[in-house]
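K.L.:
just the structure for this:
(chains A and B)
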Amino acid sequence: MSRPSREVASFLLPWAAGLVLLTLIPTIASLVLSCVRTEGGVNWRAFSWVGAAHYRTAFGVDGAYEPSGDDPWHWRTLGGRPSDPQFYGALGNSLFYSLFAVPLALCTSLLAAILLNRSFRGMSVVRACMYLPHVLGGVATIVIWSWMFNPRFGWINQAIRGVYLAIDPVVALLSEGGTTGWTVPDWLYSPAGCKPAVIVMHVWMMGGAMLIFLAALRRVPGELYEAARIDGAGPWHRFRHVTWPQITPVVLFNLVFGLIFAMQCFSEAYMLQNRQQEDGLLFYMLHLYQVAFEPPYRFGYASALAWILFGVLAILIVPVLWTSRRWVYYAVET
Amino acid sequence: MISGRHIAGRTLLYAVLGVLCVLMMLPLIWAFVSSLKPLEDVYAFPPSFALSDPQWSNYHEALTRLPVLRFLGNSLIITCSSVVGAVLTSSMAGYVLARVRFRGRSLCFALVIVSMLLPAQVLLIPRFLLYDLLGWVNTYKPLIVPAWLGGGAFNVLLFRQFFRTIPAEFEDAACLDGATMWQTYWHVLLPMARPAVVAAAMLSFVYHWQDFLDPLIYLSDFTTYPISLGLRMYQSMAGTWANLLMAASLIALVPVVIVFFLCERQIMRGLGVIGDRGTGNRERGTGNGES
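P.N.:
Here you go, the predicted structure:
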């Protein structure tokens, strides 16, 4: 192979410049920053080396403090007050959100793709309906969803009230008073309801994963189904032994990237947080943002938080990749 | 007998799909109905889909209460200049990674993949410090320049995968005619990669249109706000006018919907190649001279 000619280099130049200036150097800078104290914003002279102190701050717990009933519940589990009072809560929130939202969205998108993987009139309209939310997902749909989830004037609680009304005669048979005393959730205005609301939004935007599944399903060779049918395989066996092995690479892809995006979820938390949630929507990235870009602008500690998130993502994803050799099947290429 | 079962199955399928489509569109329908209600109806209990007297003037009011048109214009400037850069530079890189053999190519490709997995949040603060050092804070440069420097690893991968599916004969013919690499890329391969161009353009349009964190960090003067930040401002200022807020949100979605329906057909073809493994393209059976 020859050295890249000047012409090849000119094609690669913008990408390579971006890689070096905006990815490689910042990555190293971020590592250095995570060991530096930078109180008071961007003051280049005021940086001082603190080693691993930021990482200790994040994980550290002051055992001398006796948590009371007013403190967050996890402080008691930790047996003291964390030196960053919000770190464990934020990490827990993001983990909770990801571990529910990602598998749910994965299953929904796969089911939707299987449903759409056939030819019928109006297919493109249905596909557009399912994919559109993924494209629209952003500040505007967050605002719209928060109105959907409005406890009093939103459509969702109205639907729930409708269900209560419909099942009332049945419930009345079983218990006195029927559904009259039942309450509707406060969704974004309660610690328990805020995360399910955001998870619903996430599942609503599963169209991207669905499209990738659909493309993969389209590529499963038809002969395989023919052969399975001749062997007398039913729909479940055809899915389990023909479809599934063929789509495992994209299952892995959607799972890994779904986890990465969910753990970095920011705008939902930023847009929808309020006092009534008692930090229930304080996601990890929101905490990081507040540390870095709100006074006293602790860029150093925020960099450490970023690397801790990287570590957490690695802990989540490496086992998935590790076991993937056992369950991901790559067709032998000819 | 078979046709009877067939018809029943079809009806069931259409019923399920119809319900799903309505469920997916429900937030938008609800927002649209709310946006047309007068204020006292929006906050009437119990809420309903009924619209007695559509207030189209809500849209006019939503546009004038805050400079929404200005936010939209800002978003268009940022988004369009980013999309051009992203498509151009990522297709250039994707082209050489797919079609030209040179030393270090597999290293470059590995770097594309690694930079895709490298989490964005790690780069957030150093990039901010870099742009601050360059004096770019409070300008659009931090939002646009990265797109002109490679346009995102995902787009590079997309183009690389797509270019591999184009038969080598086209390039060979251009080569015989004495075309330079640039001419081959611009006149032969890029026009053939239309689905990938459309897919990459749409994806980066959506990405930049919806981007919230970067404008939040870099822009502080509200006259320069893109629509995402503008809506956030709307939410905190006009939160008690849900009808106007819904109108403004729907207005913000219009460009994305237009772009989506313009590109929808090409997307499936463009994105289909992503899942292909790096080494070949078996079902198309088009050797590219290096398998």
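K.L.:
contacts, neighbours, all on C-alpha from now
P.N.:
Fine.
K.L.:
burial of the residue in the stretch 1-150 of chain B that chain A sits nearest to, as a residue count?
P.N.:
With Cα to the nearest Cα, the shortest gap between the stretch 1-150 of chain B and chain A falls at B:Gly150, namely 3.7 Å. By the criterion of other Cα atoms under 10 Å in any protein chain shown, B:Gly150 has 30 neighbours.
K.L.:
so what's the nearest residue to B:Trp56 once chain neighbours are set aside up against?
P.N.:
Using Cα to Cα, 6 or more residues apart in numbering or on different chains and skipping residues adjacent in sequence, the residue nearest B:Trp56 is B:Leu36, 6.1 Å away. By Cα atoms under 8 Å, 6 or more residues apart in numbering or on different chains, B:Leu36 lies in contact with B:51, B:54-56, B:58, B:243, B:247.
K.L.:
pLDDT at the nearest residue to A:Tyr284 once chain neighbours are set aside, what is it?
P.N.:
Leaving aside its sequence neighbours, A:Tyr284 sits nearest to A:Ala90 (Cα to Cα, 6+ apart; 4.7 Å). pLDDT, A:Ala90: 95.
K.L.:
against chain B, how distant is the residue nearest to A:Val200 when sequence neighbours are not counted?
P.N.:
Nearest non-adjacent residue to A:Val200, counting by Cα to Cα, 6+ apart: A:Ala101, 7.7 Å away. Counting by Cα to the nearest Cα, to the nearest Å, the gap from A:Ala101 to chain B is 17 Å.
K.L.:
I figured A:Ala101 hits A:Met201, correct?
P.N.:
No. In this structure A:Ala101 lies outside contact range of A:Met201 using Cα atoms under 8 Å: 9.1 Å.
K.L.:
those two - which one has more neighbours?
P.N.:
For A:Ala101 versus A:Met201, neighbours defined as other Cα under 10 Å are more numerous around A:Ala101 (23 against 20).
K.L.:
next helix or strand past the host helix or strand of that one?
P.N.:
Assigned by DSSP states H and E, A:Ala101 falls within helix A:87-116. The first helix or strand that comes after helix A:87-116 along the chain, using DSSP H and E, is helix A:123-136.
K.L.:
and that following helix, how far out from the chain middle?
P.N.:
Relative to its parent chain, helix A:123-136 has a centroid offset of 21 Å by Cα atoms, centre = their mean, to the nearest Å.
K.L.:
list the buried ones in it?
P.N.:
Neighbour counts over helix A:123-136 (16 or more other Cα atoms under 10 Å in any protein chain shown) mark A:126-136 as buried.
K.L.:
ok, the residue of the stretch 1-150 of chain A found nearest chain B - contacts?
P.N.:
Per Cα to the nearest Cα, A:Trp15 is where the stretch 1-150 of chain A lies closest to chain B, at 3.7 Å. Applying Cα under 8 Å, 6+ apart, one finds that A:Trp15 lies in contact with B:89-90, B:93, B:149-151.
K.L.:
got the CA positions of whichever strand or helix holds it in CSV?
P.N.:
According to DSSP H and E, A:Trp15 maps onto helix A:6-18. Listed next in CSV are the C-alpha coordinates belonging to helix A:6-18 (Å, rounded to 0.1, in the frame of the first residue of the first chain):
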residue,chain,number,x,y,z
ARG,A,6,-1.7,14.7,-1.4
GLU,A,7,-5.1,14.3,-3.0
VAL,A,8,-6.2,11.7,-0.5
ALA,A,9,-4.9,13.9,2.3
SER,A,10,-7.0,16.8,1.1
PHE,A,11,-10.1,14.6,1.2
LEU,A,12,-9.4,13.5,4.8
LEU,A,13,-8.2,16.9,6.0
PRO,A,14,-11.4,18.4,7.4
TRP,A,15,-12.3,15.1,9.2
ALA,A,16,-8.8,14.6,10.5
ALA,A,17,-8.6,18.2,11.7
GLY,A,18,-11.8,17.8,13.5
